[in-house]
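**Q** I need the structure of the sequence given here:
(one chain, ligands or ions: 1)
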Amino acid sequence: MRPREQELRGGLTVLQLDLDDVQVGQLLDYLDLIAKWTQVYNLTSVRDPAEMLTHHLLDSLAVIEPLRRHLAQAGLSQANLLDVGSGAGLPGVVIAICRPEIAVSCVDTVAKKAAFIKQAALSLKLPNLTGIHARVETLTQPFDVICSRAFASLHDFTQWSVSALAPGGAWLAMKGKHPANEITALPVSAEVFHVEQLQVPGLDADRCIVWMRPKNTG
Ligand SMILES: C[S@@+](CC[C@H](N)C(=O)[O-])C[C@H]1O[C@@H](n2cnc3c(N)ncnc32)[C@H](O)[C@@H]1O
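**A** Predicted coordinates for the structure are as follows:
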């Protein structure tokens, strides 16, 4: 067993995620890659390997099943997903590893972070992963799902990325405690259609997904 493999496999069981050995290996390689790059570039403030596993990897893995359910309900067997302000690729790289049928683009304003995503796509052999160095406000390519984690208020997240949302698309915002104030502050052009509580294995903290879509104000 590789370091942290046992904890990772335990977390996958709790999350009821059935990944093959190649995908488990890619997740562990991804942790190693972050640790290596973080020695030179400040990709993430979390440096302790055990904390990396729970706070970053398992936290991101907790969205995989809700995302699968959403895409199934939307009747999408393939999809384009944009991860906004993805930093070291959380949750975008994790989604690309777990769901090869989803084309994942990770956008960040910081060049070294976009370069890291490109390197991760090569090193982890993920043809469905793309790194984009840009401000999200400049993107217009339509995405079926636009997600973010630790990025901005729901208001700014939806406003800044609305030009990149496909017709019928949805926003997936990963949040800690139920963000009642942020939901109240949403623009009239966006609405919440579901708030989903998440249980992250090994993490005793509030986590939820806020699902949103454009509101037909006509
Ligand atoms: C706190 S980090 C979160 C990184 C990652 N999602 C995570 O959960 O660890 C927020 C990221 O958003 C990026 N960012 C800020 N404004 C942005 C914008 N307008 N468009 C794209 N990325 C942006 C920053 O460079 C930073 O990497």
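**Q** which other helices and strands contact the longest strand along the chain?
**A** Using DSSP state E to define each element, the chain has its longest strand at strand 165-175. If you count contacts as 3 or more Cβ pairs under 8 Å, 6 or more residues apart in numbering; DSSP states H and E, strand 165-175 packs onto helix 64-73, strand 143-149, helix 154-161, strand 207-214. Any C-beta I mention is one placed from the backbone N, CA and C, and that applies to glycine too.
**Q** out of those, nearest to Thr13?
**A** Nearest of the helices and strands packed on strand 165-175 to Thr13, taken as Cβ to Cβ: helix 64-73 at 12.8 Å.
**Q** the longest strand of the chain versus helix 154-161: what angle between them?
**A** For strand 165-175 against helix 154-161, the angle by axes from the mean of the first three to the mean of the last three Cα atoms, to 10 degrees is 150 degrees.
**Q** next helix or strand past strand 165-175?
**A** As assigned by DSSP states H and E, the chain's next helix or strand after strand 165-175 is helix 180-184.
**Q** residues from this structure in reach of the ligand?
**A** With Cβ under 6 Å from any ligand atom as the criterion, the chain comes near the ligand at residues 44, 84-88, 90, 107-110, 113, 135-137, 149-151, 160.
**Q** try it again with 8 Å
**A** Applying Cβ under 8 Å from any ligand atom, we find that the chain lies next to the ligand at 44, 56, 60, 83-92, 107-110, 113, 134-137, 148-152, 160, 174.
**Q** still on that earlier bit, in the longest strand of the chain, which residues are buried?
**A** Across strand 165-175, burial judged by 16 or more other Cβ atoms under 10 Å covers 165, 169-175.
**Q** direction included, what does that strand pair against?
**A** The strands beside strand 165-175 in its sheet (DSSP bridges) come out as strand 143-149 (parallel), strand 207-214 (antiparallel).
**Q** now the ones you listed in TSV, with mean pLDDT and mean neighbour count?
**A** Shown next, in TSV, are those (pLDDT from 0 to 100; neighbours: other Cβ atoms under 10 Å):
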stretch	mean pLDDT	mean neighbour count
strand 143-149	98	25
strand 207-214	98	19
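**Q** name the residues that touch the longest helix seen in the chain?
**A** Scanning the chain for the longest helix, with DSSP state H as the assignment, gives helix 21-38. For helix 21-38, contacts defined as Cβ atoms under 8 Å, 6 or more residues apart in numbering pick out 2-5, 8-9, 12, 19, 43-44, 47, 49, 52-53, 56-57, 61, 88-89, 93-94, 97-98, 116, 119-120, 123-126.
**Q** pLDDT weak spots in this protein?
**A** Scanning the chain for pLDDT under 70 picks out 217-218.
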